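>>> prediction below, plus the sequence it came from.
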Amino acid sequence: MKPSVGDLVRGKYRVQRVIGDGGMGSVFEARHEALDSVVALKFLHADLARRPGLAARFAREARVAAAIQSPHVTRVNDVDTTEDGTPFIVMELLQGQSLASLLSKEPGGRLSPDEAIDITLQILSGLEAAHGRGVVHRDLKPDNVFVTPSPGGPVIKLFDFGIAKVRESKEFNRGLTHAGILMGTPEYMAPEQLYSAAGVDHRADLYSLGVMLFEMLSGELPAQGESAAAIVAQVQQGLGKRLEDLVPGLPPGLVAVTRTALSPDPDQRFESAYAMRQELARYAGNLSHAGQLAASRTSITMAPGGSLSLLPSQVASLPGGAASAAAPSQAPAPGELPDTVPPDRTSPPRGTSITAQNAPDPQRPVTVLTPAVGAVAAGGFSAPNVGARLGALPAPA
């Protein structure tokens, strides 16, 4: 049963207000009574919770999402059930607004190239972490991207990982009037999702992000129609809008990045979020602090505790060619990642450089300490225009 404001859930979460209500469930702001911290609680609708196997799948997908560690993916803290058996997810509470809301307030529904690239780089960083765990979002769109303010400019957060997969499941679709009903937002869906939703891979997310990048740059969608089939037909026949016609003067390379992401053939898109991020970073201008980190050449994910997690094969690409185990003496220089590896059981003795050659396990991540995004300013980053404008976003009332 859906809780009411003032209810105490599981003896620790005091419900404070309703944040939103959607087709899958309801989201509430709540306060952890013991920790005096605020969180978001997402409850599966009661009628869905009663469908055989759906509650278990909901919990399973929540656990998968919880395994994604990235500053650009909304943190899932817990999954539980209420006293009456209704499943819910405990997530970090985001302050700011969705990308869809931000675009709706901008003249022409578009952003500057610098702002669009900044947001896209951060989304790619989050997708990189998710895809590295084998998790595909499947329903990436501006409504599922959150822009949160910080002292260093906007920090982008993705959410609802796993929810699309729940909606596509046989447990969810059991008893629906229309068999094989399309789940997702057609304008942002890769063409292959129309024909084989179960068989899509990470490249479907890159297509969706290509649509969003096109929209942020131009204020328009590359293809529109009365049905998903009509939209896909436009894409496959090359009848969609051309970014260079809508926004003359964009760097040809930036137009090419967008076009590659929007290829109807998955094999013609970027092979990974990392590859797209590397190419897009070439056209970056003024970036927020989070955007500068996302534009770094090293493939990174976040480990618990706010540290970076890198494969040993990636450590050699850090500034200086290796990560020393000595304690840090000063903040990193502008644009650099910190080069300190904690002396724990997975690290060589102090003073030993960690490289791909001497790392104990080439598939086991090495944890690298890093300052919080706000602390990066101590390293000399300047305050860019994009951070000043997009970072000052109002928190929801």
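That came through fine.
>>> strands of the stretch 1-150 of the chain, start to end?
8-9, 13-21, 25-32, 37-44, 76-81, 87-92, 97-98, 145-148 (DSSP state E, counting those that start in this stretch).
>>> a markdown table for these, including mean pLDDT and mean neighbour count?
In short, each C-beta sits where N, CA and C put it, glycine included. Below are those laid out as a markdown table (pLDDT from 0 to 100; neighbours: other Cβ atoms under 10 Å):
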| stretch | mean pLDDT | mean neighbour count |
| --- | --- | --- |
| strand 8-9 | 96 | 16 |
| strand 13-21 | 94 | 15 |
| strand 25-32 | 94 | 20 |
| strand 37-44 | 94 | 21 |
| strand 76-81 | 91 | 17 |
| strand 87-92 | 93 | 23 |
| strand 97-98 | 96 | 18 |
| strand 145-148 | 97 | 22 |
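>>> may I see the ones you listed arranged in CSV, with distance to Arg242 as well?
Formatted as CSV, the strands of the stretch 1-150 of the chain follow (distance: least, Cβ to Cβ, whole Å):
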stretch, distance to Arg242
strand 8-9, 51
strand 13-21, 36
strand 25-32, 38
strand 37-44, 39
strand 76-81, 39
strand 87-92, 39
strand 97-98, 27
strand 145-148, 24
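>>> which of those strands sits closest to Glu244?
Ranking the strands of the stretch 1-150 of the chain by proximity to Glu244 (Cβ to Cβ) places strand 145-148 first, at 24.7 Å.
>>> hey, C-alpha coordinates of the closest one in CSV?
What follows is strand 145-148, C-alpha atoms only, in CSV (Å, rounded to 0.1, in the frame of the first residue of the first chain):
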residue,chain,number,x,y,z
VAL,A,145,18.6,12.9,-16.5
PHE,A,146,18.8,15.2,-13.5
VAL,A,147,20.8,18.5,-13.4
THR,A,148,22.0,19.1,-9.8
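>>> now for the first helix or strand past it going along the chain, which elements pack on it?
Next helix or strand after strand 145-148 toward the C-terminus (DSSP states H and E): strand 155-158. Judged by 3 or more Cβ pairs under 8 Å, 6 or more residues apart in numbering; DSSP states H and E, strand 155-158 is in contact with helix 113-132, strand 145-148.
>>> separation between Gln193 and Arg242?
Distance, Gln193 to Arg242, by Cβ to Cβ, to the nearest Å: 23 Å.
>>> neighbour count for those two, which is higher?
Gln193 (25 against 13; other Cβ atoms under 10 Å).
>>> any idea which helix or strand carries that one?
helix 191-195.
>>> can you name the element that comes right after that helix?
Elements were assigned by DSSP H and E; along the chain past helix 191-195, the next helix or strand is helix 203-218.
>>> just the buried residues of the helix or strand just after that following helix, please?
Going down the chain from helix 203-218, the next helix or strand is helix 228-236, by DSSP H and E. Buried residues in helix 228-236, counted by 16 or more other Cβ atoms under 10 Å: Ala228, Ile231, Val232, Gln234, Val235.
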